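1. model the structure of this input:
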Amino acid sequence: MLEHLTKETFKEKVFNFEDNKDWKFEGDKPCLIDFYADWCQPCKMVAPILEELSKEYDGKIDIYKIDTEDQQELAGMFGVRSIPSLLFVPMENQPQMAQGALPKDSLEKAINDVLKVSMEV
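-> Alright, predicted model coming up:
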């Protein structure tokens with residue numbers, strides 16, 4: 001089950017924007033954040049893919065969801081204007097945003113390229 005973040009849990013697990021002006025990742029492994037809304041059809045198409053990825057990459061990355069209707073401050077902070085928007089957060093570098101309902105192979109490529117996590121069997 002993917003974890004839904006609120007402003008408070010986002011500050012603990014991803015970025016404490018109230019204490020830090022510059023980006024400082026708080027997590028212990030790279031993460032992918034899905035900005036979505038319940039009424040969004042493309043978001044519903046991405047959801048099962050993210051569930052699969054969370055099982056396949058279990059222990060390697062965290063996958064979180066942020067409801068843009070409920071957490072408008074977080075969505076605004078990242079300039080989310082269209083959903084789904086996916087934020088890839090590597091351990092060291094700046095996060096990168098991708099927009100739209102990406103197919104699984106594109107998500108895997110971004111996990112590999114941006115998060116530097118590969119699927120090793």
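2. contacts, neighbours, all on C-alpha from now
-> OK.
3. where does pLDDT dip in this protein?
-> Counting by pLDDT under 70, the chain contains low-confidence residues at 1, 120-121.
4. quick check, central residue of it?
-> Centrality entry for the chain: nearest residue to the mean C-alpha point is Ile33, 1.1 Å, by Cα atoms, centre = their mean.
5. buried ones in the lengthiest helix in the chain?
-> The residue-count maximum for a helix in the chain (DSSP state H) belongs to helix 41-56. Within helix 41-56, the residues that count as buried by 16 or more other Cα atoms under 10 Å are 43, 46-47, 49-50, 53-54.
6. quick one: it to chain centroid distance?
-> The chain centroid and the centroid of helix 41-56 are separated by 12 Å, computed with Cα atoms, centre = their mean, to the nearest Å.
7. past that helix, which element shows up next along the chain?
-> Next in sequence after helix 41-56, counting helices and strands by DSSP states H and E, comes strand 62-67.
8. sheet-wise, list the partners of that next one with their directions.
-> Sheet pairing of strand 62-67 (DSSP bridges) gives strand 3-4 (parallel), strand 31-36 (parallel).
9. next, count neighbours for Glu73.
-> By other Cα atoms under 10 Å, the residues close to Glu73 number 13.
10. now do the same contact list for Asp67.
-> 4, 35-38 (Cα atoms under 8 Å, 6 or more residues apart in numbering).
11. could you measure from it over to Cys31?
-> 16 Å (Cα to Cα, to the nearest Å).
12. once you drop chain neighbours, what's closest to Lys29?
-> Leaving out its chain neighbours, the residue that sits closest to Lys29 by Cα to Cα, 6 or more residues apart in numbering is Ile61, at 5.6 Å.
13. with Pro42 instead?
-> The spatially closest residue to Pro42, leaving aside those adjacent along the chain, is Ala101, at 5.6 Å (Cα to Cα, 6+ apart).
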